[in-house]
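Asks: curious how this folds, go ahead:
(2 chains)
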Amino acid sequence: MTTDILTFPKGGAHPAESKELAQDQAIEPMPTPDSLEILLSQHFGAPADPLVKKKDVVVEGDLIGEVTQGLGANIHASVSGTVKALGMSAHPVLLKVPSITIETDPEAEARVFSPSDWTGLSKEDLLARIRQAGIVGIGGAGFPTHVKLSPPPEAEVDILIINGAECEPYLTTDHRVMLEQPDAIIEGARIILTILGINNCHIGIEINKPDAIEALSQAAARASSNGFHIQVNPLQVKYPQGSEKQLIEGITGRQVPGFGLPFDVGVIVQNVGTTKAIYDAVVLEKPLYEKVVTISGRGIARTANLLVKIGTKVSDIAQYLGGTTPDLGKVIMGGPMMGFAVPDLNIPVTKTTSGILFLTEDEIDTHPHGQCIRCGWCLEACPMGLSPNEIGVYVEAGRADETSQFGVFECFECGCCAYTCPAKRPLVQFIRLAKMKAKK
Amino acid sequence: MEADKPIQQEEKSSAVEETRHNMLTVSVSPHIKSRESVEKIMWSVVACLVPPLILSVFVFGLQTLIITLISVASCVAAEAVSQKLLKRPVTIRDGSAVITGLLMAYVIPPGVPYWIPILGAVMAIYVAKHLLGGIGFNIFNPALIGRAFLMATFPVAMTSAWLPPLRDAAIFTYMGQGVDAVSTATPLYVLKHYGVQALMEQFGSMSTIYRDFFMGLRPGCIGETSAFLLLLGGIFLIYKRYITWHIPVSVIVSVAFFTWIFGGDTLFTGNPLLAVLSGGVMLGAFFMATDYVTSPTQMTAKLIFGAGIGALTVLIRIKGGYPEGVCYAILLMNPLVPALEGWFKPKRFAPPKGALK
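Replies: The predicted model follows:
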């Protein structure tokens, strides 16, 4: 392993990490709630079609939603029970999406999955298992993993990067998974390397997780045979270290061009959680229907890293952990830099929920914003070299349609600009408005 | 406008658990922000400007404090009234008008009549700042517009109302020296019109001059006095990352460089150290040219901006009608900022093909 502490060269911010709130809590399975709402849209692409009807009896792990055309991923029952309703449920981003409500059968036994040898399987068989299990990129946008692992033949992929940066403050999900299941992650990495037909894998982890770096380095050393070269790269603690483009540049020095994809520069990136899910899908043949979610913030009685069934509602989680505090101000699905604030707790966990933060009035920003004073800090902070200050001023002046010159469409909304802005300007909000009105 | 308000569904009014869940704040990410704020930056600048004021009271007497207080109070009042008149939110707490007041007081002679800074404040705050759009949109440094306006309108008061350093001031005794020949003409005026010899006759040997100029024991504006205290304040701002080193360093280097070449009787015989320590170079370099609104944001542009200020300062000092040129040099460079911003843009991360024209 290398001792260089890598990072991306331009921009970034250092928000308070706040990881101490949950990082020492071991992964804890949450008891199955009485009922849960499984969304049919948990991935990048069209919603899945339901395969069950009201009153159908389902068993944990059953396929209940399928996408037949275009991008998408399978949806499975997280619990054994009875389908109570096919309806619409709240979604953290899309507001309302079709869902399947399942009433849990309290008598049902938890399904047990046992490992099998995958080494004889073909690349197609491996991809089929991943597709069957409904794996999506659970660290981010929920892009179907079997599609991501099938780059076009002209792409010359030579490096796999496993993303364990977990640069978002508060979140400790990936940290705990790396610490508690390092061998599964390394095995997952070997599966991906086999699918891609390459042998070079880098695992990027920020140095605020020395125990995870140690655990994965040891696991990698144990497993680095058969020609696989898997190494851990310690990364500087700098947000957004885990952003795909920044991570690739930090580790390989390659820059993914605007509107391009990592395979354009020969790289495939997978989050550690997704890698673990790939292990589950291939070795255990277990679908993705439960995941580790960090529950943190000062607005909840107890913080935890919970293993929850997908479809579990935030309100059930809050209740399980002892309720919220009276000064709760904001509930966020995801991290505080890029996550989505939700209007109430009646919202289910999806495959891409990495954390649920209960933040108090003190923890969130409530300052009114002022005019841009042209300090230029956002220009320094922007990892993409854009001009958030200009975009904001244009949007405020009603000229949002002219902002493509400042590269609004290259912005991935990491939030460094708005975090840094001393005038507390909602720059990401301005940029989202600009994206709606500007032409590409 | 719509982007201004986070969708806020009433806040913390009820203690009832069930209903309170319907009152969460919903707004666009990021949900946390840094502890820095405009107020913090501005008041830090104010704090850095206070030591030279305190020294000036020791050197010149209470008059400097009175003029400064009048200037600050009228700038703050002018800000409040301007914002009321223009129906904008009143933001006097952010400290930016206080800075304008301090800077203006620091560049006018401390012996001027009291109504002079009041008039300057109206010009600086109402005309140069708020009529041009308020903070963030003004092209010129408001304090310097205030000074330039006063200079053009009341040239006599503005060029003669210097105060002599107090002979018996405690600080002189402490420093173990007396000021032999005291004139109310500023050193730069003497230097410009009578040459180095006259300067030395009046202010002592070169080493005495360097020391006095550095420590601030000389006639002049408040802000022209102590290069040392201004330097300290400037370094603090750089340490706090509120300003970068680019503009101050390029201004100072440029003044020294061009003075060395053109400032003497023949080429390459000028006195760069004297040039940097005298007049408003330190104040201008650290506190005026670095004004966020009226300076560039990109590092290369900052260097060019600072170098331009230095060159123009020397040009005005040598060829112009005024003994000091920092004020006008900055005002001349201010309108070039939009062009500099256009020429030097942030380096984009691998932009898509055809995105940059």
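Asks: which parts of stretch A:394-401 are buried?
Replies: With burial defined by 16 or more other CB atoms under 10 Å in any protein chain shown, the residues of stretch A:394-401 counted as buried are A:Tyr394, A:Val395, A:Glu396, A:Ala400. In this view, the C-beta of every residue, glycine as well, is placed from N, C-alpha and C.
Asks: where does the stretch 201-350 of chain A get nearest to chain B, residue-wise?
Replies: Minimum separation of the stretch 201-350 of chain A from chain B (CB to the nearest CB) falls at A:Gly258, amounting to 3.3 Å.
Asks: that residue in helix, strand or coil?
Replies: coil (DSSP: H, G, I helix; E, B strand; the rest coil).
Asks: now A:Gly134
Replies: Assigned by three-state DSSP, the conformation of A:Gly134 is coil.
Asks: got the contact list for it?
Replies: Taking CB atoms under 8 Å, 6 or more residues apart in numbering or on different chains as the contact definition, A:Gly134 lies against A:Ala73, A:Asn74, A:Ile75, A:His76, A:Pro287, A:Leu288, A:Tyr289, A:Lys351.
Asks: okay, now the third one: neighbour count?
Replies: Right, A:Ile75. Residues lying near A:Ile75 (other CB atoms under 10 Å in any protein chain shown) number 33.
Asks: separation between it and A:Arg222?
Replies: As judged by CB to CB, to the nearest Å, A:Ile75 and A:Arg222 stand 35 Å apart.
Asks: ok, now the first one?
Replies: When distances are taken as CB to CB, A:Ala73 and A:Arg222 turn out to be 31 Å apart.
Asks: check the fifth one too.
Replies: Applying CB to CB, the value for A:Pro287 to A:Arg222 is 28 Å.
Asks: circling back: looking at A:Ala73 and A:Arg222, which one has more neighbours?
Replies: Each of A:Ala73 and A:Arg222 has its neighbours counted (other CB under 10 Å); A:Ala73 has more, 28 against 11.
Asks: who's in contact with the residue most central in space within chain A?
Replies: The C-alpha lying nearest the average C-alpha coordinate of chain A belongs to A:Gly139 (CA atoms, centre = their mean; 1.7 Å). The neighbours of A:Gly139, taking CB under 8 Å, 6+ apart as the test, are A:Asn163, A:Asp174, A:Gly242, A:Asn271, A:Val272, A:Gly273, A:Thr274, A:Thr352, A:Ser354.
Asks: how about A:Leu21?
Replies: Contact analysis of A:Leu21 by CB under 8 Å, 6+ apart lists A:Tyr170, A:Ser296, A:Gly297, A:Arg298, A:Thr303.
Asks: mind checking pLDDT for it?
Replies: You'll see A:Leu21 listed with a pLDDT of 96.
Asks: setting aside sequence neighbours, what's the nearest residue to the closest residue to chain A within the stretch 151-300 of chain B?
Replies: Ranking the residues of the stretch 151-300 of chain B by distance to chain A (CB to the nearest CB) places B:Thr297 first, at 3.1 Å. Of all residues not flanking B:Thr297 in the chain, A:Gly376 sits nearest, at 3.1 Å (CB to CB, 6 or more residues apart in numbering or on different chains).
Asks: now do that neighbour against A:Thr275, distance only.
Replies: In terms of CB to CB, A:Gly376 sits 39 Å off from A:Thr275.
Asks: more neighbours: the two, which one.
Replies: Ranked by neighbour count (other CB under 10 Å), A:Gly376 and A:Thr275 place A:Thr275 first, with 33 against 22.
Asks: is it true that that one touches A:Ile185?
Replies: Yes: using CB atoms under 8 Å, A:Thr275 is in contact with A:Ile185, at 5.1 Å.
Asks: who are the contact partners of the nearest residue to A:Leu94 once chain neighbours are set aside?
Replies: Nearest non-adjacent residue to A:Leu94, counting by CB to CB, 6+ apart: A:Ser41, 6.2 Å away. By CB under 8 Å, 6+ apart, the contact set of A:Ser41 is A:Pro47, A:Ala48, A:His91, A:Leu94, A:Val97, A:Pro98.
Asks: what separation is there between A:Ser41 and A:Thr350?
Replies: Note on A:Ser41: its distance to A:Thr350, by CB to CB, is 8 Å.
Asks: okay, and the common contacts of those two?
Replies: Shared contacts of A:Ser41 and A:Thr350 (CB under 8 Å, 6+ apart): A:His91.
Asks: return the residues in contact with residue 259.
Replies: Using chain A. Neighbouring residues of A:Phe259 by CB under 8 Å, 6+ apart: A:Phe409, A:Glu410, B:Pro352.
Asks: that's the wrong chain, I meant chain B
Replies: Applying CB under 8 Å, 6+ apart to B:Thr259 gives the contacts B:Gly270, B:Asn271, B:Pro272, B:Leu274, B:Ala275, B:Val276, B:Val314, B:Arg317.
Asks: rewinding a little: B:Met299 is in contact with the residue nearest to B:Thr297, correct?
Replies: No: look at A:Gly376 against B:Met299 with CB under 8 Å: they stay out of range, at 9.4 Å.
Asks: from the contact counts, what lies against the one helix or strand B:Leu231 maps to?
Replies: If you go by DSSP states H and E, B:Leu231 is part of helix B:227-239. Packing partners of helix B:227-239 (3 or more CB pairs under 8 Å, 6 or more residues apart in numbering or on different chains; DSSP states H and E): helix B:38-60, helix B:206-215, helix B:281-283.
Asks: among those helices, which is the most enclosed?
Replies: helix B:281-283 (a mean of 28; mean count of other CB atoms under 10 Å in any protein chain shown).
Asks: elements contacting it?
Replies: Other helices and strands packing on helix B:281-283, by 3+ CB pairs under 8 Å, 6+ apart, are helix B:227-239, helix B:246-262.
Asks: quick check: next helix or strand after that helix?
Replies: Next helix or strand after helix B:281-283 toward the C-terminus (DSSP H and E): helix B:299-319.
Asks: what mean pLDDT would you report for that next one?
Replies: On average, the pLDDT along helix B:299-319 is 96.
Asks: now swap in stretch A:164-176 and tell me
Replies: Averaging pLDDT along stretch A:164-176 yields 97.
Asks: look up the closest residue to B:Ala329, ignoring the ones flanking it.
Replies: Leaving aside its chain neighbours, B:Ala329 sits nearest to B:Leu312 (3.6 Å; criterion: CB to CB, 6+ apart).
Asks: show me where the chain dips below the pLDDT cut-off.
Replies: Here I'm looking at chain A. Where chain A drops to pLDDT under 70, the residues are A:1-3, A:224-226, A:440.
Asks: chain B was what I was after
Replies: By pLDDT under 70, the low-scoring segments of chain B are B:1-22, B:166-185, B:354-357.
Asks: can you do 80?
Replies: Low-confidence segments of chain B (pLDDT under 80): B:1-23, B:159-199, B:201-204, B:212-213, B:215-220, B:224-225, B:322-323, B:353-357.
Asks: okay, now the domains of it?
Replies: Chain B breaks down by automatic domain parsing into domains covering B:38-160, B:187-218+B:226-343.
Asks: chain A contacts on the stretch 101-250 of chain B?
Replies: Contact residues (CB under 8 Å from any CB of the partner chain) of the stretch 101-250 of chain B with chain A: B:Gly134, B:Ile135, B:Gly136, B:Phe137.
Asks: where's the residue nearest to A:Ala400 when sequence neighbours are not counted relative to A:Phe430, distance?
Replies: Of all residues not flanking A:Ala400 in the chain, A:Lys437 sits nearest, at 3.9 Å (CB to CB, 6+ apart). To A:Phe430, A:Lys437 is 11 Å away according to CB to CB.
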